[in-house]
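Asks: Show me how the following folds:
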Amino acid sequence: MASSSPTDPVPGGAVIPLRDPEARARLYEVARVGAPLLLAKDRLLPVPGPLGALVPELRRGMVVTVTGAPGGGATTLAFGLVAAASVAGEWAGALCPDHTLGALAAAAAGVDLTRFAVVRDVPLDRWAVVAAALLDAITVVLVEVPRGVRAADARRLVSRARERGAVLVTLGEWPAAAALRIHAEGGEWNGFRMGDGILTSRNLSVRVEGSGAPLHGLVSLAS
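Replies: Reported below is the predicted structural model:
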């Protein structure tokens, strides 16, 4: 009976004899050449619309937090970031436990609804698991941060976004690291004067904090 040789796995799942270094080196080279190549420019997702003046692009693998007072425009800003996936022709997704993220608001911000998945009614004890699954499959993921989320779960999601090359956009207080922190500070509506008229746009005051100096600016958003 012929004796079997020890084997060694290589990228792609193939196995080769340990005693054949020449064959092993050849297969490793084939696996390396055949691996998908992601150019530096492809790691950047342009942010469309007025928000792009303050946040020109998102880098794959990063976490961005968006906060603000209720009604202060934070949700609109978050959708503006999610729209970066649509510009790149890729998928975006949202984890929305409380049914507060609407399709109309997403579309108005430039999100392609035909490539936008929304997951609702997720209990707190499954929230981090579902968020991680979305990061495995989708380029830009928006999550509403529920009360009581554990810092350890948040840190694991930061690592998952980095590993998968996805962008995690969090809406609400985030108990972990983030590359960018965006705060909506409210602003004035346009188009309504002297008790009459139609609201047409809103000048939103936005503060951006990241690795560089903090940025402040006004973002004009359509109603």
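
Asks: How many residues are close by Leu54?
Replies: 19 (other Cβ atoms under 10 Å). Glycine gets a C-beta too; all of them are placed from N, C-alpha and C.

Asks: Apologies, that question was intended for Arg156.
Replies: If we define neighbours as other Cβ under 10 Å, then Arg156 has 15 of them.

Asks: element containing it?
Replies: helix 151-164 (DSSP states H and E).

Asks: Leaving aside the residues adjacent along the chain, what's closest to Phe116?
Replies: Leaving aside its sequence neighbours, Phe116 sits nearest to Ala92 (Cβ to Cβ, 6 or more residues apart in numbering; 5.1 Å).

Asks: Got phi/psi on the one you found?
Replies: The phi/psi pair for Ala92 (degrees, to the nearest 10) reads phi -120, psi 160.

Asks: if I look at it, how far off is Arg147?
Replies: 24 Å (Cβ to Cβ, to the nearest Å).

Asks: Looking only at neighbour counts, state which of those two leads.
Replies: Ala92 (28 against 7).

Asks: quick revisit: which residues are in contact with the residue nearest to Phe116?
Replies: 82-83, 85-86, 111-112, 115-117, 138-142 (Cβ atoms under 8 Å, 6 or more residues apart in numbering).

Asks: In this structure Leu168 contacts Val145, no?
Replies: No. Judged on Cβ atoms under 8 Å, Leu168 makes no contact with Val145 at a distance of 10.6 Å.

Asks: picking up where we left off before, could I get the buried residue list for the helix holding Arg156?
Replies: 153-154, 157-158, 160-162, 164 (16 or more other Cβ atoms under 10 Å).

Asks: what are the ranges of the strands in the protein?
Replies: With DSSP state E, the ranges of strands along the chain come out as 7-9, 15-17, 44-46, 57-59, 63-68, 92-96, 116-120, 140-144, 167-171, 180-193, 196-209, 215-222.

Asks: Please parse the chain into its domains.
Replies: 1-37, 41-222 (automatic domain parsing).

Asks: Which of these comes out lowest on mean pLDDT?
Replies: Among those, domain 1-37 carries the lowest mean pLDDT, at a mean of 51.

Asks: Quickly list what the residue nearest to Phe116 is bridged to.
Replies: Going by DSSP bridges, Ala92 is paired in beta bridges with Phe116, Val140.

Asks: Likewise for Gly68?
Replies: Beta-bridge partners of Gly68, as defined by DSSP bridges: Ala184.

Asks: picking up where we left off before, would you mind putting the contacts of Ala92 into a markdown table with distance to Leu180 and neighbour count alongside?
Replies: Shown next, in a markdown table, are the contacts of Ala92 (distance: Cβ to Cβ, whole Å; neighbours: other Cβ atoms under 10 Å):
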| residue | distance to Leu180 | neighbour count |
| --- | --- | --- |
| Val82 | 14 | 27 |
| Ala83 | 16 | 27 |
| Ala85 | 16 | 25 |
| Ser86 | 19 | 24 |
| Val111 | 19 | 26 |
| Asp112 | 23 | 17 |
| Arg115 | 23 | 15 |
| Phe116 | 21 | 22 |
| Ala117 | 23 | 14 |
| Ile138 | 19 | 21 |
| Thr139 | 17 | 23 |
| Val140 | 13 | 29 |
| Val141 | 15 | 30 |
| Leu142 | 14 | 29 |
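
Asks: Please produce TSV containing those residues, extended by distance to Ala128.
Replies: Shown next, in TSV, are those (distance: Cβ to Cβ, whole Å):
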residue	distance to Ala128
Val82	20
Ala83	25
Ala85	21
Ser86	26
Val111	24
Asp112	27
Arg115	24
Phe116	21
Ala117	18
Ile138	16
Thr139	19
Val140	18
Val141	12
Leu142	15
